[in-house]
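Asker: mind looking at a prediction? Sequence and model below.
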Amino acid sequence: MKTANFFAVDLGATSGRTILGSIVDGKLEQRELTRFSNPIIQACGHYFWDIYALYNEIIRGLQVVSSEGLDITSIGIDTWGVDVVCIGSDGGILRNPYSYRDPHTEHAMEEYFKLVGKEKVYSKTGIQFMPFNTLFQLSTMRKNGDSALAAADKILFVPDALMYMLTGEAVCEYTILSTSQMLDPRTKRIDPELIEAIGLKESQFGRYVNPSDVVGVLTPEVQKQTGLGAVPVVAVAGHDTGSAVASVPAENERFAYLSCGTWSLLGIETRDAIINEQSYAYNFTNEGGIEGTTRFLKNICGMWLLERCRKEWKTSDNLNGEDEAPSNVNTINEDASKEPAFRFFINPDDPRFANPSSMTAAIQSYCSETGQPVPKGYREISRCIFDSLAMRYRQVLGYLKSLSPFPIEKLHVIGGGTYNKPLMQMAANSTGLPVVTGPVEGTAIGNIMLQAKAAGLVSDIFEMRRIIAGSIEMHHYEPCDREAWDEGYRRYLTVTGTK
């Protein structure tokens with residue numbers, strides 16, 4: 001296998017970075033080139049992303065490549081989902097894009113369902129309902145007489161818009177499109193009825209491309225700014241979760257994945273979408289994966305619970321007289337693991353935990369209302385969070401097993417949550433499955449490997465994953481204490497009133 005360098009752009013909803021990825025002697029190496037913030041701009045009654053600032057940061061990263069005399073094979077970009085940029089008939093960007101956090105989509109779903117019924121929308125798309133999904137954003141913009149949408153010749157998702165700014169090519173990448181609630185996963189095209197209901201056409205979304213397709217090369221303008229030549233720009237899995245799941249070092253299809261961070265995404269990788277009454281009732285989503293696969297998954301509240309509590313624990317006023325919480329999160333994790341198990345449970349996905357003024361108070365209130373002891377101090381509250389998350393993983397995995405076309409034999413966990421070793425062991429104990437953790441930085445790795453596939457260095461997803469497995473550190477957790485965890489799970493179901 002020859003050596004090659006790849007330039008990955010990984011943009012999150014708060015920050016971004018550019019990474020140099022190299023495949024050397026069959027192993028992946030990576031180095032961060034630049035890191036930058038991605039703040040939401042509040043102006044004129046709305047919340048926006050600064051697409052020009054993001055473009056400028058990509059240019060800056062490419063200038064670093066040029067200044068170091070590096071030879072890069074291609075460029076790939078992944079971002080968060082759903083948000084779009086409107087392009088005019090003259091090729092210009094009409095306005096910075098709305099952020100999915102903009103409150104203008106409040107009640108947007110109910111308004112849209114007056115045009116196309118809720119069950120019909122799910123039967124067409126298999127996507128879980130969230131008010132900021134692209135379909136509802138565009139419907140709201142149309143309803144409000146948005147001038148950029150009215151003048152739009154093309155509507156491009158954020159990673160597609162950035163590729164457009166680099167190449168001049170307007171495309172619509174499969175995985176990022178799948179976040180929109182406009183894609184029919186069976187045809188892998190936009191469903192015409194859904195967008196025609198709000199006065200839009202399929203042709204406005206650019207030509208379809210898939211992960212590892214070459215979009216184009218850097219324009220002369222960008223070549224002049226960066227000092228680089230006509231470097232190809234490759235469509236990776238433009239949705240960051242799609243790139244992250246591509247990095248799962250699985251040996252075969254019989255696994256579930258857990259992308260564990262602020263939010264958790266638990267799912268499986270299937271050849272075909274799963275859309276039926278049961279998936280609708282459980283509110284599962286079918287998002288695009290690599291090589292035409294579908295990521296069948298469910299969103300679960302994740303380390304958001306602990307992150308919010310830790311902010312409160314920075315002052316002793318929120319500890320009810322208990323010891324001050326350590327600043328080191330690993331110490332909190334270890335201290336929590338020493339507490340007695342199964343004394344307190346919450347349903348992590350209860351709406352009260354979405355954005356409370358006090359997360360500790362919300363957890364304590366839930367326990368009180370459900371007739372449990374009330375956790376006090378960082379140790380008990382953290383243990384409550386970890387036990388509850390582990391049980392919620394088991395619960396959702398049970399749904400997955402009932403819907404999966406194959407047996408699930410292993411749980412692969414990626415993301416920053418893998419640093420929480422006690423929680424990883426609890427996940428194994430709760431689910432009864434072996435848990436394998438790593439990589440932590442899965443999104444960038446998936447981005448790089450999809451570029452490597454475009455360059456012909458790997459042939460398919462499993463060759464990609466073999467290289468990843470041989471390039472990263474993985475940890476293995478075997479389930480234990482099954483009888484105690486089975487009894488704890490029965491209590492969790494009773495306390496939370498869920499099935």
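Answerer: On my side now, so go ahead.
Asker: average pLDDT for the lengthiest helix in the chain?
Answerer: Longest helix of the chain, by residue count under DSSP state H: helix 377-403. The average of the pLDDT scores along helix 377-403 is 98.
Asker: can you pull the pLDDT of the residue nearest the centre of the chain?
Answerer: For the chain, T241 is the residue whose C-alpha lies nearest the centre (Cα atoms, centre = their mean; 3.6 Å). T241 carries a pLDDT value of 92.
Asker: can I get whichever strand or helix holds it in CSV? Just the C-alpha atoms.
Answerer: Under the criterion of DSSP states H and E, T241 resides in helix 240-246. The C-alpha trace of helix 240-246 is given here as CSV (Å, rounded to 0.1, in the frame of the first residue of the first chain):
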residue,chain,number,x,y,z
ASP,A,240,-20.2,13.9,11.1
THR,A,241,-22.0,11.0,12.7
GLY,A,242,-21.8,9.1,9.4
SER,A,243,-18.0,9.6,9.3
ALA,A,244,-17.8,8.6,13.0
VAL,A,245,-19.7,5.3,12.4
ALA,A,246,-17.5,4.6,9.4
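Asker: other SSEs contacting that helix?
Answerer: strand 4-11, strand 74-78, helix 174-177, strand 255-260, strand 263-270, strand 285-288, strand 294-301, helix 442-454 (3 or more Cβ pairs under 8 Å, 6 or more residues apart in numbering; DSSP states H and E). For glycine as for every other residue, the C-beta is placed from the backbone atoms N, C-alpha and C.
Asker: parallel or antiparallel, which strands does the second one pair with?
Answerer: Okay, so that is strand 74-78. Strand pairing for strand 74-78, determined by DSSP bridges: strand 4-11 (parallel), strand 232-235 (parallel).
Asker: for S404, which of these is the nearest?
Answerer: Among those, the nearest to S404 by Cβ to Cβ is strand 232-235 (28.3 Å).
Asker: restrict the closest one to CA atoms and write it as CSV.
Answerer: Below are the C-alpha coordinates for strand 232-235, written out as CSV (Å, rounded to 0.1, in the frame of the first residue of the first chain):
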residue,chain,number,x,y,z
PRO,A,232,-9.4,17.0,-5.6
VAL,A,233,-12.2,17.6,-3.1
VAL,A,234,-13.9,14.3,-2.1
ALA,A,235,-17.4,13.9,-0.6
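Asker: ok, residues contacting it?
Answerer: 73-77, 163, 166-167, 169, 171, 173, 209-218, 450-451, 454 (Cβ atoms under 8 Å, 6 or more residues apart in numbering).
Asker: coming back round to it: what's the spacing between the longest helix of the chain and its chain's center?
Answerer: Taking Cα atoms, centre = their mean, to the nearest Å, the mean C-alpha location of helix 377-403 is offset from the chain mean by 19 Å.
Asker: residue contacts, D184?
Answerer: Contacts of D184 (Cβ under 8 Å, 6+ apart): K124, T125, I190, D191.
Asker: quick check, the third one in contact with Y174.
Answerer: By that I understand I190. No: counting by Cβ atoms under 8 Å, I190 stays clear of Y174, with 11.0 Å between them.
Asker: now for those two: what residues contact both?
Answerer: L183.
Asker: show me where pLDDT drops low in the stretch 301-450 of the chain?
Answerer: The model of the stretch 301-450 of the chain has pLDDT under 70 over residues 315-322.
Asker: tell me where it has strands.
Answerer: 410-414, 435-437 (DSSP state E, counting those that start in this stretch).
Asker: in TSV: those, plus distance to K311 and mean neighbour count.
Answerer: As requested, the strands of the stretch 301-450 of the chain are exported to TSV (distance: least, Cβ to Cβ, whole Å; neighbours: other Cβ atoms under 10 Å):
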stretch	distance to K311	mean neighbour count
strand 410-414	25	25
strand 435-437	26	24
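Asker: Throw the ones you listed into TSV and include distance to A246, thanks.
Answerer: Below are the strands of the stretch 301-450 of the chain laid out as TSV (distance: least, Cβ to Cβ, whole Å):
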stretch	distance to A246
strand 410-414	10
strand 435-437	16
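Asker: looking at those strands, which is closest to A444?
Answerer: Using Cβ to Cβ, the nearest of the strands of the stretch 301-450 of the chain to A444 is strand 410-414, at 11.5 Å.
Asker: what lines up beside the closest one in the sheet?
Answerer: strand 255-260 (parallel), strand 435-437 (parallel).
Asker: tabulate those (a markdown table), appending distance to D83.
Answerer: Formatted as a markdown table, those follow (distance: least, Cβ to Cβ, whole Å):
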| stretch | distance to D83 |
| --- | --- |
| strand 255-260 | 20 |
| strand 435-437 | 30 |
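Asker: A341: which of those strands is closest?
Answerer: That would be strand 435-437 among the strands paired with strand 410-414, by Cβ to Cβ, at 17.3 Å.
Asker: what's in contact with the closest one?
Answerer: 249, 410-414, 418, 424-425, 427-428, 474-477.
Asker: what about the strands in the stretch 101-250 of the chain?
Answerer: Using DSSP E, counting those that start in this stretch, strands in the stretch 101-250 of the chain cover 154-157, 171-173, 183-184, 189-190, 207-209, 213-217, 232-235.
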